[in-house]
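Chemist: okay, sequence plus prediction incoming.
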Amino acid sequence: MARTKKSNRENQDGNFGRSDALEPAHDEQGSPREEDDEHHAAEESDSSEDEVAPRNTIGDVPLEWYKEEEHIGYDISGKKIKKQTRKDRIDSFLAGADDSKSWRKIFDEYNDEEVELTKEEIGIIRRILKGKTPNTEVDPYADYVDWFVWEDKGHPLSNAPEPKRRFIPSKWEHKKVLYHLLQFARGWIKFDKPEEEPPFRLLWDDDSNLADSRRHGLSYIPAPKSKLPGHEESYNPSVEYIPTQEEINSYQLMYEEDRPKFIPRRFESLRSVPAYESALKEGFDRCLDLYLCPRTRKKRLNIDPEALKPKLPSRKDLRPYPTICYLEYRGHIGPVKCISIETSGQWIASGSTDGTVRIWEIETGRCLKVWDVGEAVQHVAWNPLPELPILAISLGQDVLLLNTGLGNDEEQLKVKELLNVAEPVITDDASDSTPTVSWIPYTKYGGIRLKHFKAVSTVEWHRKGDYFTTVVPSGDSRAVLLHQLSKKSSHNPFKKLHGLPVSAVFHPTRSIFFVATKKHVRVYDLVKTKLIKKLEAGVREISSISIHPGGDNVIVGSKEGKMCWFDMDLSSQPYKTLKIHPKDITNVAFHRSYPLFASCSDDCTAYVFHGMVYSDLNQNPLIVPLEILRGHTSSNGRGVLDCKFHPRQPWLFTAGADSVIKLYCH
C-alpha cells in the first residue's frame, strides 16, 4: 500500500509520470499483443467452483469419525444431513448394465453424493494422468513478463516495514460483531423456518422423486420384480415337466396352499394355446403385493434362543439348600395345618384338625408332648425368646398360651408367673358392648385362654416376646388385635380396615406392622399409628405373607399360584411376580440367616428359591429357583398346608394334609 501511494505521488509530481514511461504493447497493426491478453485473462479468471460452498459442513474433520454414524454433518439450521444409501456391488453392476454412462459416475465421499463427470473433466483427468497441465490453454513454459518498469527509476521498490494497522483488528468491526451476537441471543435475528415436509409420499414413485424420498429419511424401495416364467410354462415343455395322471390325482389330496399353482400341458402349436384362466386372479394378487409391501426394510435377526435366557449362577454355587427328605414325623390323625419351630432349633410344634397339638424333637423325631385341645387347631406360634418356652395356639374363638415345660427351673418359674391370671380380665371396646377379648385361666393344661368374640385365624409374636397379634377375619373394625402378655391387656390399634384381613406380622427389627388383606398389604408405623405404604400385589386373593430378616423385602403368596416379591425401597408394585404353582399357595417363608425362601401349595409340592438381598441399594435382589420338593400326597384336594425353615440350618419343614410332617435337608 505504501509502495502504491508513493508511485501515485511520483506520477502526480511529474518525476516519473510521462505517458511514455510505460509504453503500450501494440503490434504493427495497432492491436494489443497476445502477452497482454494472457495477462489480462489470468487476472480476471477465477474458478466459480471454489466459491460454491460444499454441501457437507463438517469442516476439516476426518471422514472416519462419521464412518459409523447415520449422518455426515449438519446444515445451517442444525439438522443432521443423512447419508445416502450406498449400493452394494450387485446393485452397482446391475445399474451399470442399464446405464451406458455409469462409467463416468464417481462417488464424492466428502459431500456424500454421486457425481457424473463431463467430457471436459474427463479430458482434464487424462491430461493429469499423462503428466500434462490440466488446462490446454495454459503454457507452463511461457516467457516471464516483468511488470515493473526499471528504466528511469531513481530507486528500487520500497522496503518499508508493514504498518501496524494491518495486524491489529479494527475495534469498530469488533463492536459490530458483538452487536450481531446480542441480536442472535435476544432473538432479533431469526433463521428462516424450514419448509414443512409433506407427511405422505408415493410408495412406488419413479426415480425423479428419489431425492424427495431421501429427504424424508426413507430409503428407496424398488418395486419387487415378478417371477420370470420357466421351462414348465412353455406351450411345448419337455417330457420331464409334464406330470402323470397319478400325480395330478395326488394333488387333490394336498392342502390348497400346498398344491402347485400351474400344471404344465403340451400343445401342438402356439395357436392352439387357450387363454390363461388365472390371469385376472394373479394380476389382482400382484396388485395386492405392491399395495401391502412393507414401507421399511427389516433385517431378520438371527438370535439364539438360549441367549435370551437370563444369566443365572449354577445351583452348585448356591449350596446348601434342602433337596431330599431326611425325616418324617407321624402321629397326627387329621391334616397338619400349621407348624412352628422353637428359636434354638431343637423342638417343633404342630397343630392338626384332629384337635391335638404335638411337640417333637427335631433330630430324633420323638414326640415329646401331646395336648388334646378338643377343637381343630388353626395356627401355632412359638415365643421367639428362648428363655420363655411358651406356645400360642389359635382354635375356634380362643387363643391358648401354654407352658411347654421346657427349660430350667428358673425359666419355668418366670413362665408360670407370666401365665398366672388370678381373676378374669375383660377388655371392652367403647364403641361396642360386646367384650373384645377376655383373659381367663386355662385350668386343663395350666395356661391362659384368650376368648375372642369371633373365630381367630392366625397368631404371631413380636420379636421381644411380650406382644403378639391375632387376626379375626370377620371382626370388621376389630379384626386385628394387639395383646401384651405381661400386662394381660388387649388393644385394637386400627379402628377401620379396608378389606378382609388374612394375616398380620411384625417387622423383624423396627416398630412396623404389616397387615395383609385379600387385595393389598398395608404397612403401619406403630409408634406414630399411621399408614406408611400400601403394597399392591395385583393378584386375585392373598393367602400368606413373610418378611425378609432385613425388613426391606416382602414376599406374598396368592390363591392363584402366584408369588410376588416386593422391594419396599423400590416401589409399591411387585419387583417380581412368579407364577410357580398350578394351585393355591398355602404359605411362604424366609430363612433367618441363609438367602433362601420357599413356598408350598395344594399341588403337594414345595418350591425352594435362592433370594440374595444385597446391601448395595443400586443392585436388585437375585432370585434363582433351586429345587421342587415332592413327597406329600393329596387328601380331599389339599396338599402341603404349611412350611417353615429351621432357624439355624438350611432345612425345610413341610406339613401336609396327609397327616405327615417332613424334614428336607441338604
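Modeler: Nice, thanks for sending it over. Residues are numbered from 1 along each chain as shown.
Chemist: right, and the helix or strand after the longest strand anywhere in the chain?
Modeler: Secondary structure of the chain read by DSSP state E shows that its longest strand is strand 432-442. Tracing the chain C-terminally past strand 432-442 and defining elements by DSSP states H and E, one meets strand 447-452 next.
Chemist: residues touching that next one, excluding its own?
Modeler: 397-403, 419, 421, 436-442, 470, 472, 475, 481, 483, 488, 490 (CB atoms under 8 Å, 6 or more residues apart in numbering). For the C-beta atoms, the positions are set from N, CA and C on the backbone; glycine is no exception.
Chemist: what pairs with the longest strand of the chain, parallel or antiparallel?
Modeler: strand 425-429 (antiparallel), strand 447-452 (antiparallel) (DSSP bridges).
Chemist: comparing those, which comes out most buried?
Modeler: strand 447-452 (a mean of 22; mean count of other CB atoms under 10 Å).
Chemist: roughly how far is that one from the heart of the chain?
Modeler: Once both centres are worked out by CA atoms, centre = their mean, to the nearest Å, strand 447-452 turns out to sit 53 Å from its chain's centre.
Chemist: which residues touch stretch 462-470?
Modeler: With CB under 8 Å, 6+ apart, stretch 462-470 has contacts from 381, 383-385, 388, 392, 394, 399, 450, 452, 456, 458-461, 480-486, 504-506, 508-509, 513.
Chemist: which ones among those are found in helices?
Modeler: Using DSSP state H, no member of these falls within helices.
Chemist: which among those count as buried?
Modeler: 381, 383-384, 388, 392, 394, 399, 450, 452, 456, 458-461, 480-483, 485, 504-506, 513 (16 or more other CB atoms under 10 Å).
Chemist: quick check: mean pLDDT of the longest strand of the chain?
Modeler: Across strand 432-442, the average pLDDT comes to 77.
Chemist: buried set for it?
Modeler: Neighbour-count burial for strand 432-442, counted by 16+ other CB under 10 Å, picks out 436-439, 442.
Chemist: tell me, what's the model's pLDDT at the residue nearest to Q378 when sequence neighbours are not counted?
Modeler: Spatially, and ignoring its direct neighbours in sequence, Q378 is nearest to S394 (4.8 Å; CB to CB, 6 or more residues apart in numbering). Looking at S394, its pLDDT reads 93.
Chemist: surely S394 meets V373?
Modeler: No: judged on CB atoms under 8 Å, S394 makes no contact with V373 at a distance of 10.3 Å.
Chemist: quick one: low-confidence ranges for the stretch 501-650 of the chain?
Modeler: Within the stretch 501-650 of the chain, no stretch has pLDDT under 70.
Chemist: let's see that with 90 instead.
Modeler: Residue ranges of the stretch 501-650 of the chain with pLDDT under 90: 519, 526-530, 537-538, 568-571, 615-620.
Chemist: tell me which stretches of it form helices.
Modeler: With DSSP state H, counting those that start in this stretch as the definition, the stretch 501-650 of the chain shows no helices.
Chemist: ok, the stretch 101-250 of the chain next?
Modeler: Per DSSP H, counting those that start in this stretch, the stretch 101-250 of the chain carries helices over the ranges 119-129, 171-186, 210-215, 245-251.
Chemist: coming back round to it: then the longest strand of the chain to CSV, C-alphas only?
Modeler: Presented in CSV, the C-alpha positions along strand 432-442 are these (Å, rounded to 0.1, in the frame of the first residue of the first chain):
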residue,chain,number,x,y,z
ASP,A,432,-69.5,-51.9,71.3
SER,A,433,-71.0,-53.5,74.4
THR,A,434,-69.6,-56.9,73.3
PRO,A,435,-66.3,-57.6,75.1
THR,A,436,-63.4,-57.8,72.6
VAL,A,437,-61.0,-60.2,74.5
SER,A,438,-61.4,-62.0,77.8
TRP,A,439,-58.2,-63.2,79.6
ILE,A,440,-59.2,-66.2,81.7
PRO,A,441,-57.1,-69.1,83.2
TYR,A,442,-56.9,-72.4,81.3
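Chemist: three-state assignment of A307?
Modeler: helix (DSSP: H, G, I helix; E, B strand; the rest coil).
Chemist: against L301, how distant is it?
Modeler: 11 Å (CB to CB, to the nearest Å).
Chemist: one more: L419?
Modeler: 70 Å.
Chemist: K579 contacts S558, correct?
Modeler: No: using CB under 8 Å, K579 is not in contact with S558; the gap is 9.8 Å.
Chemist: give me the more crowded residue out of these two.
Modeler: Between K579 and S558, S558 has the larger neighbour count (other CB atoms under 10 Å), namely 23 against 10.
Chemist: tell me the bridge partners for that one.
Modeler: Beta-bridge partners of S558, as defined by DSSP bridges: I542.
Chemist: pull the number of nearby residues for P549.
Modeler: 15.
Chemist: again, but for the one 10 residues further on
Modeler: Other residues within reach of K559 by the criterion other CB under 10 Å amount to 20.
Chemist: show me what contacts it?
Modeler: With CB under 8 Å, 6+ apart, K559 has these contacts: 539-543, 584-585.
Chemist: then R630?
Modeler: So R630 contacts 604-605 (CB under 8 Å, 6+ apart).
Chemist: ok, what's across the strand from it?
Modeler: Going by DSSP bridges, R630 forms beta bridges with T605.
Chemist: ok, now H483?
Modeler: Here H483, judged by DSSP bridges, has bridge partners F468, S490.
Chemist: ditto for M612
Modeler: Here M612, judged by DSSP bridges, has bridge partners L622.
Chemist: how far away is it from R592?
Modeler: 15 Å.
Chemist: mind listing the strands for the stretch 501-650 of the chain?
Modeler: Secondary structure of the stretch 501-650 of the chain (DSSP state E, counting those that start in this stretch): strands located at 501-506, 512-517, 520-525, 530-536, 542-547, 553-558, 562-567, 576-579, 585-590, 596-601, 605-612, 622-630, 640-645.
Chemist: distance to I362 for the ones you listed - can I get that in TSV?
Modeler: Output for the strands of the stretch 501-650 of the chain, formatted as TSV (distance: least, CB to CB, whole Å):
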stretch	distance to I362
strand 501-506	23
strand 512-517	28
strand 520-525	31
strand 530-536	34
strand 542-547	21
strand 553-558	24
strand 562-567	27
strand 576-579	29
strand 585-590	16
strand 596-601	17
strand 605-612	17
strand 622-630	17
strand 640-645	11
